[in-house]
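**Student:** whatever this is, show me its structure:
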Amino acid sequence: MKKNIFHQLKEKDIKDVLYIYNYHIEHSIGNFEEKKMSFVSFSKFINSINKKKLPFIVSKTNNIISGFAFLSQYRNKSGYRFTFENSIYIHPEFVNKGIGNQLLKELIKNCKKNKTIKNIIAVIGDSKNYNSIKIHKNNGFVKIGILKKVGFKKNKWIDSVYMQKKL
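**Tutor:** Numbering: from 1, shown residues only. Sure thing, here's the model as predicted:
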């Protein structure tokens, strides 16, 4: 496998990134959305991230988008203005190849360039999502708690694991 190349999301990437996002909506419990996102809705979501000058990193492997990671506002209240939530999604053909870990490292590197980012919160769907928990722990995130059975998807209750990294 060739080395991964990372760059800020470009408009030409949106269709492939949306495919990966919608794949995880349909096939995983890590994303609590239950309905696929439209191109228009996803583009609006990306614009909200870009307006705040938050990182949205894309990974390319062998010229294919293999994953992406981004920050979004943690909560929509002014007191949380220095705290953001990270998300990582991997193309199904590139799972378990270390791309998630590399994306998180790249995301953190980009976050350190933005002085308004003081805290990153990972909200990990499912206590059994050991890979995501491990990746975050290996990148300096500390487990701060579990909200038990707060999500419901695919006819089962799902925990949310909260992890935090202070910059």
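**Student:** can you tell me how far the nearest residue to K153 once chain neighbours are set aside is from K105?
**Tutor:** When the adjacent residues along the chain are set aside, K153 lies closest to I29, with 5.2 Å between them (Cβ to Cβ, 6 or more residues apart in numbering). All C-beta atoms are positioned from the backbone trio N, CA, C, and that covers glycine. Counting by Cβ to Cβ, to the nearest Å, the gap from I29 to K105 is 25 Å.
**Student:** off-centre distance for stretch 35-55?
**Tutor:** What separates the centre of stretch 35-55 from the centre of its chain is 13 Å, taken as Cα atoms, centre = their mean, to the nearest Å.
**Student:** just the helices in the chain please.
**Tutor:** 14-27, 39-51, 99-111, 130-138 (DSSP state H).
**Student:** out of those, which is the most enclosed?
**Tutor:** Among the helices of the chain, ranked by average contacts under mean count of other Cβ atoms under 10 Å, first place goes to helix 99-111 (a mean of 20).
**Student:** which residues touch I133?
**Tutor:** Listed by Cβ atoms under 8 Å, 6 or more residues apart in numbering, the contact set of I133 reads I124, K143, V161, M163.
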